[in-house]
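Chemist: Give me coordinates for this.
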Amino acid sequence: MRLEIGFGNNPQTVELPDSNLVGVLEPNEVAVDLRGVEAVKAALKTPIGSPLLSEFVKPGEKVVIITSDITRPVPSYKIIPAVLDELWQAGAKPEDVTVVFALGSHRRQNEAEMKKLVGDAVYNQVRCIDGDPHDFIHMGDTKLGTPVDITRIVAEADRRIGIGNIEYHYFAGYSGGAKAIMPGVSTRAAIQSNHSRMVLPEAAAGRLDGNPVREDIEEALNFCTLDFIVNVVLDEHKEIIRAVAGDAIKAHREGCKFLDTLYLKKIRARADIVIASQGGAPKDLNLYQTQKALDNAKHAVKSGGVIILVGSCKEGLGEDVFEEWMTKSESPEAMVERIQKDFQLGGHKAAAIGLVLENSDIYLVSEMEPGFVESIFLKPYSAVQSALDSAFNKLGKDATVLVMPYGGSTLPIVE
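Modeler: Just a heads-up that it's a prediction; the model follows:
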């Protein structure tokens, strides 16, 4: 069997005997009526739990459209023009609308990246800026003590519209919805407080009810309302196959239900070897993002098995605190012990890698220097094929293999 595995902008191929392959977790086949921009326009005309956007936005109101940064595959350039059309119908003027990129804890972007995200027409029509976590307003505290500290321009807006995509999130349950506010345009301290609950067993991919991280995120909306969302579900080619719009909770839930029909994957048993990719660029720019595929893959690998994590990581580790934890920790166990005593945003992903290493080896196929990869407790490879050959050498020629070409999206569940 010959398979193609996403790797940056240049996919790799791998060959293995059919007898070893127990499954390729491709998305389920679902019926799709509308795609792309047409799906977005249809969702805007049939909002869930909300009036039409053009019916409740008033002329003269300051409107912010919160959308994802360069680390996310959200096709903002397809979504925002349709949203702006609704705003123009409501009487809004370009000078009253600002697109705010939700950086969360990510790096700032350059002008070229912003233009790429929204398209030249939108960039030239309305103001487009990165959220500034250092200029914020404290709007309250959740029951768990998370400060609702929101980027000032968002906090002071009359109307807030969240743009995002819905996929599985390894401790918030799903992406999208209220995450435009928390962590999207929140401070580092707020994000750290919220994400500290990731160590709780209820904070898991595919879980909403009873998930302390997701519930804390959505409680933040009591202090900083999100008036309207437009969330999309993307197929494996990053094309829009479903859009939902309207109430930040109700519309989001409908999107999550659709995602489950697409990406929730039942498997008969765990495999000896799991090959997991983020699907290529832009989701594998760095290890901080590529880790998402790893966290889904852990649900599919046997104890003592091997996860072959595939990601270009051409920008390296991708986040300062994550880098400090990965490079300064004495062992994977030390990272897990540290997160229990001293939760730090960025460190949480290092601890998540440490938890996986307690159960399985991680072979990293990337563009990073081999010596550096070894120093962060992973085994370095430049090709998926060589990593797989090494895994067979370790586990035997009869080892079973499961492939997750879109590991950050597909969630395996043992039947």
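
Chemist: isn't there a helix covering residue 254?
Modeler: Yes - in this structure, residue 254 lies within a helix as judged by DSSP: H, G, I helix; E, B strand; the rest coil.

Chemist: Could you tell me the model confidence score at the nearest residue to it once chain neighbours are set aside?
Modeler: Setting aside the residues directly before and after it, residue 254 is nearest to residue 244 in space (Cβ to Cβ, 6 or more residues apart in numbering), at 5.1 Å. Any C-beta I mention is one placed from the backbone N, CA and C, and that applies to glycine too. Looking at residue 244, its pLDDT reads 98.

Chemist: how does the protein divide up, domain by domain?
Modeler: Each domain of the chain is listed here as a residue range: 2-26+268-414, 36-262, per automatic domain parsing.

Chemist: Can you lay out those as JSON lines showing mean neighbour count?
Modeler: Output for the domains of the chain, formatted as JSON lines (neighbours: other Cβ atoms under 10 Å):
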{"stretch": "domain 2-26+268-414", "mean neighbour count": "20"}
{"stretch": "domain 36-262", "mean neighbour count": "20"}
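
Chemist: And the strands in the stretch 151-300 of the chain?
Modeler: 159-165, 168-169, 173-174, 228-234, 240-246, 264-267, 271-277 (DSSP state E, counting those that start in this stretch).

Chemist: isn't residue 384 right next to residue 15, touching?
Modeler: No - under the contact definition of Cβ atoms under 8 Å, residue 384 does not touch residue 15, with a separation of 9.8 Å.

Chemist: Include distance to residue 306 when you put the strands of the stretch 151-300 of the chain into JSON lines, please.
Modeler: Rendered in JSON lines, the data for the strands of the stretch 151-300 of the chain read as follows (distance: least, Cβ to Cβ, whole Å):
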{"stretch": "strand 159-165", "distance to residue 306": "30"}
{"stretch": "strand 168-169", "distance to residue 306": "22"}
{"stretch": "strand 173-174", "distance to residue 306": "28"}
{"stretch": "strand 228-234", "distance to residue 306": "29"}
{"stretch": "strand 240-246", "distance to residue 306": "33"}
{"stretch": "strand 264-267", "distance to residue 306": "17"}
{"stretch": "strand 271-277", "distance to residue 306": "5"}
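
Chemist: who wins for proximity to residue 188 among those strands?
Modeler: Distances from residue 188 to each of the strands of the stretch 151-300 of the chain were compared by Cβ to Cβ, and the smallest falls on strand 168-169, at 18.6 Å.

Chemist: Give me the sheet partners of the closest one and which way each runs.
Modeler: Each strand that pairs with strand 168-169, with its direction, by DSSP bridges: strand 173-174 (antiparallel).

Chemist: Show me the contact partners of the strand it pairs with.
Modeler: 166-168, 203-208, 211, 213-214, 252, 256, 259 (Cβ atoms under 8 Å, 6 or more residues apart in numbering).

Chemist: Kindly recompute the last result at 7 Å.
Modeler: Counting by Cβ atoms under 7 Å, 6 or more residues apart in numbering, strand 173-174 makes contact with 166, 168, 205, 206, 207, 208, 211, 214, 256, 259, all of which sit outside it.
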